[in-house]
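A.B. asks: how does the following fold in three dimensions:
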Amino acid sequence: MKRLFLLCWIGVLIVMVCSGCIYSRAHVDEQTADLKAIPEWSILWGDPPDGLEGVMSAASDRWMKVTKGQPFSEKPEHISTVWIKFQLPSHLPKDYGIYIQDISTQKLKIYIGTNLIRETVYDFPYDAQRSLFQVGSEESGETIYLKLESTMDRLNIYSAIKIDQYATLMRAYVLQDLQNIVFGTAFLFIALIMLIGSIFLKRGQLQSWILISVLSLSVGIIFITYSPFVYANFPSYGGLFISSFDIALNVFLPTLTWSFEQIFDNGKFKWVRRFRKFQVVYSVLLIAFMFINQMNHYQFNRAYFFAAVTVLGYMMIVQFFLIIGLSIPLVQKGNKEAVIFSIGFAMLAGMSILDLINYYVSSQYYQFYLWKWGGIGLFVSLIVILVRRFAMNQELLVNYSKELEFYNHQLQLSERTEIISSLAASVAHEVRNPLQVTRGFLQLMGSRSDEKDKEYMNIAIEELDRASVIITDFLTFSKPQLEEFVDIDVSQVIKQIEGIIMPLATLQGGRIIVSVPAGLYIRGNISKFKQVMINLIKNGIEAFEDDGEIQIRAYDKDSKVYVHIKDNGQGIEAAELLKLGEPYFTTKTKGTGLGLMVTFRIIEAMQGKMEFESEKHKGTEVTMSFPKVKH
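C.D. replies: You can find the predicted model right below:
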């Protein structure tokens, strides 16, 4: 129940975080949707020879008008430059700005009239730009020219041109990719904490922990370097961001397969292991190809794009289908970890599919963002599985410690038992004979003595009898006399014992309640079984406090007969409970510590078991179980 409660709270937390972030994104979209927009602009494909002057003097029929809300025009083949112009309103307040959210270009120049106010150059293969610049009342009615240049497939403005208060636009500009930065930083922080924590882990736990740490690190880098925000604000580090994204992706994919292999593969899924090795080799080669492409100023960019996007994309599809296909049988078998992993992986696959649908529906102008929630869901599922593994290992360790303590106790008890058994077998008979001879002479002398000497003789005889009882207990412990095995009617034996022991219970101010049905039979020695029952009931009577009561009940279950003897006496401490049955251990002031030891041996000889449960000042309950005999 505690684990289920914890999982429920994790689910609620994920829903709250996702809902809050979706709301924040919706809030940003709502803010940008409410902003004012330039109603139309014009596009000129190609670059006139005279540059800006040629653009300004170009005939109007060469310009293609685009109205807000219309589909964006495709880039003609063999064109690497496009000019875009639009006119500012005739009356502008002082602190206004222009915000273009999605510009596909590697080189961007912005002119207000003939004045160049901004130039951004990406000397790396990345074309997702955005631009925010300030305009004021002095620029009212001016024409703004944008020059876009790119060697990549896309070249255009794919969003509305917003115009509003500069502070409002700045808020939208910053919040647009804030989620990526926050989530990426959070994943990097988690990875750092986990890597530091791995110092304190044992070797058996280290591999799974490191894998999750590497996954967190790679996901954090992917989140941050996927965001256009870092390229727009730190263009000089764009090459580093591109390389980091590719390396993180090539580390993430084989690590994900390896994590699946560690969680579910017990040597059964050879294809997973082979595919993971192939992924590792391909990732290493791809990273090496990436560095070669960079050192040659991206001359092999088309070949690298084919290897890093097209081929890797197909490999990702194969990986997804492989993991899903292997997870389904595990889920059907009720594997809880497979269920958790499948939920996380289904989130990643489902969100990615929705991204792809939106991408193709929008004619490939859509910016992917849903996959991030799927990645978070998958990562959380892996963390839950890892925590669950740690909890199970901790539970196994605790159980192992308890079993080790129990077996150690049993070993010590067995060693003591062997010593006493050998001692009893070798000494008891030799001691009993002199005792009997001495007792006989004392009786003879007592019959000839006066009253005062006779009293002393009787005391000596009583002590000899007590010593003889102890010797008898030794002999019984050494080898319980159970040669005569018969079918014992438990109900009949307990009724006979009730009649014998009831006066003793009444004398101690208590009572005995018996609830034993007829027809319960066990195999054993009837006299020894009576001895066991009388010893246990007598112990309960001696533990009486106020209003003493002993409950005796019996029943059969799972081919066994259970006999319970429960008293409401003073009870036994937990530490003392573990020592019951040990030689010479007793809670009585005049006890020898051999009675329960003999009782354990008799029940063991009858192939039974005996367990004690007790609580101080609330009583003790003895549970005996024996194989049931059918009649």
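A.B. asks: surely residue 245 meets residue 226?
C.D. replies: Yes - Residue 245 is in contact with residue 226 according to CB atoms under 8 Å; the separation is 6.4 Å. The C-beta positions use only the backbone N, C-alpha and C, and glycine is treated the same way.
A.B. asks: neighbour count: the two, which is higher?
C.D. replies: Ranked by neighbour count (other CB atoms under 10 Å), residue 245 and residue 226 place residue 226 first, with 23 against 18.
A.B. asks: quickly note the distance from the more buried one to residue 309.
C.D. replies: 14 Å (CB to CB, to the nearest Å).
A.B. asks: now residue 630: closest residue in space, sequence neighbours ignored.
C.D. replies: Distances taken as CB to CB, 6 or more residues apart in numbering put residue 521 closest to residue 630, at 7.6 Å, once the chain neighbours are dropped.
A.B. asks: pull the number of nearby residues for that neighbour.
C.D. replies: Neighbour number of residue 521 under other CB under 10 Å is 19.
A.B. asks: can you show me the helices along the stretch 501-631 of the chain?
C.D. replies: Remark: helices assigned in the stretch 501-631 of the chain by DSSP state H, counting those that start in this stretch are 526-542, 574-577, 595-605.
A.B. asks: let me redo that: the stretch 301-450 of the chain
C.D. replies: 301-305, 312-332, 336-361, 371-447.
A.B. asks: correct me, but residue 554 touches residue 491?
C.D. replies: Yes - assessed by CB under 8 Å, residue 554 is found in contact with residue 491 at 7.4 Å.
A.B. asks: compare the two (neighbour count), which wins?
C.D. replies: Shown here are residue 554 and residue 491; by other CB under 10 Å, residue 554 has more neighbours (20 against 16).
A.B. asks: in the sheet, who's paired with the more buried one?
C.D. replies: Using DSSP bridges, the beta-bridge partners of residue 554 come out as residue 563.
A.B. asks: tell me the domain ranges of the protein?
C.D. replies: For the chain, automatic domain parsing gives the domain ranges 1-34, 38-174, 177-233, 486-627.
A.B. asks: which ones are touching residue 151?
C.D. replies: By CB atoms under 8 Å, 6 or more residues apart in numbering, the residues touching residue 151 are 80, 106, 125, 301.
A.B. asks: just the buried residues of those.
C.D. replies: Buried members of those, counted by 16 or more other CB atoms under 10 Å: 80, 106, 125, 301.
A.B. asks: now, which of those residues sits nearest residue 175?
C.D. replies: Nearest to residue 175, judged by CB to CB, of the buried ones among the contacts of residue 151 is residue 106 at 25.5 Å.
A.B. asks: still on that earlier bit, could you say which of the helices of the stretch 301-450 of the chain is packed most deeply?
C.D. replies: Of all the helices of the stretch 301-450 of the chain, helix 336-361 has the most neighbours on average by mean count of other CB atoms under 10 Å, namely a mean of 17.
A.B. asks: so what does that helix touch, helix or strand wise?
C.D. replies: Here helix 336-361 touches helix 238-264, helix 312-332, helix 371-447, going by 3 or more CB pairs under 8 Å, 6 or more residues apart in numbering; DSSP states H and E.
A.B. asks: out of these, which gets nearest to residue 270?
C.D. replies: helix 238-264 (10.4 Å).
A.B. asks: quick check: buried residues in the closest one?
C.D. replies: Applying 16+ other CB under 10 Å to helix 238-264 flags 238-239, 241-261, 263-264 as buried.
A.B. asks: who does it touch, helix- and strand-wise?
C.D. replies: Counting by 3+ CB pairs under 8 Å, 6+ apart, helix 238-264 packs on helix 203-226, helix 228-233, helix 270-295, helix 312-332, helix 336-361, helix 371-447.
A.B. asks: which among those is found nearest to residue 84?
C.D. replies: helix 228-233 (17.8 Å).
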